[in-house]
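**Student:** Return a 3D structure for these sequence lines:
(one chain, ligands or ions: 2)
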Amino acid sequence: MAGNEIVILLLGPSRSGKTFFARHATRQGENVNTGPTTECADYPFTVPTKRFLLIDTPGFDSPRENLSVLERVAQRLSELENASQEVGGVIYFHNITERTVPWTDVELFGLICGQQFLRRRTVLLTTMWDKVDPQKHDRYNNVQTQVEQKFKGLSARQFFKFDGVTNGYEAVMEYFAGLGPKDAAQLTLTQEVQKSGLNIRRTKAGKAMILAMNRAVCVVQ
Ligand SMILES: Nc1nc2c(ncn2[C@@H]2O[C@H](COP(=O)(O)OP(=O)(O)O)[C@@H](O)[C@H]2O)c(=O)[nH]1
Ligand SMILES: [Mg+2]
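**Tutor:** Ligands and ions are numbered 1, 2, ... in the order given. I've put the predicted structure just below:
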């Protein structure tokens with residue numbers, strides 16, 4: 001691993017707050033409207049004792065778009081591998097005011113990460129808690145529980161809530177900073193890229209998205 005930088009991949013649907021979070025972490029003015037993210041982007045920063053690199057990604061929006069997001073992520077993972085840098089964590093973002101998480105997104109996330117990585121090195125972060133009417137917190141806590149259930153089915157165990165300022169942000173970073181080498185695991189997608197190159201259609205996640213695309217076409221016909 002180059003230096004002791006902790007590399008964290010930000011994944012999730014568009015408008016779930018990935019870029020906002022990365023800009024918040026690097027104090028770049030999160031409220032600037034940056035428009036949709038179309039390429040992976042690096043956000044390096046240092047807190048007193050740790051160096052982090054957040055990698056922002058385009059959003060998951062449909063099986064077809066997910067394939068091209070996968071391609072971009074795989075390309076970035078392969079560059080990291082070439083630089084002997086390992087991904088130390090993944091954050092999956094969910095906007096708490098959205099009631100549903102598409103099944104294809106959950107499946108895709110599981111296949112990118114793999115069981116071992118999911119158990120300790122992934123975090124589900126629900127965002128936009130500052131937008132929730134305090135009187136309706138119970139309702140949104142129910143959404144939180146339901147979303148957590150889906151990710152528990154994938155073996156994920158770490159759940160945090162982000163209020164757009166500090167709550168959630170510091171807890172997530174402390175969680176990743178506290179993970180030691182004994183929890184080391186490699187993303188399934190990294191393993192696949194190492195073994196068979198960048199042909200995304202041959203990866204588990206790529207195959208699942210092709211199946212999902214074909215199912216979508218069948219419904220239209
Ligand atoms: N109030 C609030 N706004 C947020 C939060 N996270 C993201 N946003 C806003 O929601 C919109 C979508 O966020 P963005 O980071 O672009 O989503 P991305 O597509 O996942 O990168 C932007 O206008 C952000 O400023 C949050 O936690 N609180
Ligand atoms: Mg973005």
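**Student:** buried ones in the helix or strand of the chain at the bottom of the mean pLDDT ranking?
**Tutor:** Lowest mean confidence among the helices and strands of the chain (mean pLDDT, DSSP states H and E): helix 204-220, at a mean of 85. Residues 204-206, 208-209, 212-213 are the ones in helix 204-220 that count as buried (16 or more other CB atoms under 10 Å). No exception for glycine: its C-beta is placed from N, CA and C like everyone else's.
**Student:** Please apply the same query to stretch 131-150.
**Tutor:** For stretch 131-150, the neighbour count (16+ other CB under 10 Å) marks 132, 140, 143-144, 147-148, 150 as buried.
**Student:** One more: stretch 101-109?
**Tutor:** Neighbour-count burial for stretch 101-109 [16+ other CB under 10 Å]: 101-102, 104-109.
**Student:** which strands and helices sit next to the helix or strand where F45 lies?
**Tutor:** Using DSSP states H and E, F45 sits in strand 41-47. With contacts defined as 3 or more CB pairs under 8 Å, 6 or more residues apart in numbering; DSSP states H and E, the packing partners of strand 41-47 are helix 18-25, strand 50-56.
**Student:** Within range of ligand 2, give me the residues from the protein.
**Tutor:** Contact residues (CB under 5 Å from the ion) of the chain with ligand 2: 18-19, 37.
**Student:** gap between the longest helix along the chain and the chain center?
**Tutor:** Looking across the chain with DSSP state H, the single longest helix is helix 63-82. Mean-position distance between helix 63-82 and its chain equals 13 Å (CA atoms, centre = their mean, to the nearest Å).
**Student:** Please export the alpha-carbon coordinates of it; PDB is fine.
**Tutor:** Listed next in PDB are the C-alpha coordinates belonging to helix 63-82 (Å, rounded to 0.1, in the frame of the first residue of the first chain):
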ATOM      1  CA  PRO A  63     -28.900  -1.300 -15.500                       C
ATOM      2  CA  ARG A  64     -27.500   0.200 -18.800                       C
ATOM      3  CA  GLU A  65     -26.000   3.200 -17.000                       C
ATOM      4  CA  ASN A  66     -24.700   0.900 -14.200                       C
ATOM      5  CA  LEU A  67     -22.600  -0.900 -16.800                       C
ATOM      6  CA  SER A  68     -20.800   2.200 -17.800                       C
ATOM      7  CA  VAL A  69     -20.400   3.300 -14.100                       C
ATOM      8  CA  LEU A  70     -18.900  -0.200 -13.500                       C
ATOM      9  CA  GLU A  71     -16.500   0.300 -16.400                       C
ATOM     10  CA  ARG A  72     -15.300   3.600 -14.900                       C
ATOM     11  CA  VAL A  73     -15.000   2.200 -11.400                       C
ATOM     12  CA  ALA A  74     -13.100  -0.900 -12.700                       C
ATOM     13  CA  GLN A  75     -10.700   1.400 -14.600                       C
ATOM     14  CA  ARG A  76     -10.000   3.400 -11.500                       C
ATOM     15  CA  LEU A  77      -9.600   0.200  -9.400                       C
ATOM     16  CA  SER A  78      -7.100  -1.100 -11.900                       C
ATOM     17  CA  GLU A  79      -5.100   2.200 -11.700                       C
ATOM     18  CA  LEU A  80      -5.100   1.900  -7.900                       C
ATOM     19  CA  GLU A  81      -3.800  -1.600  -8.200                       C
ATOM     20  CA  ASN A  82      -1.000  -0.500 -10.600                       C
END
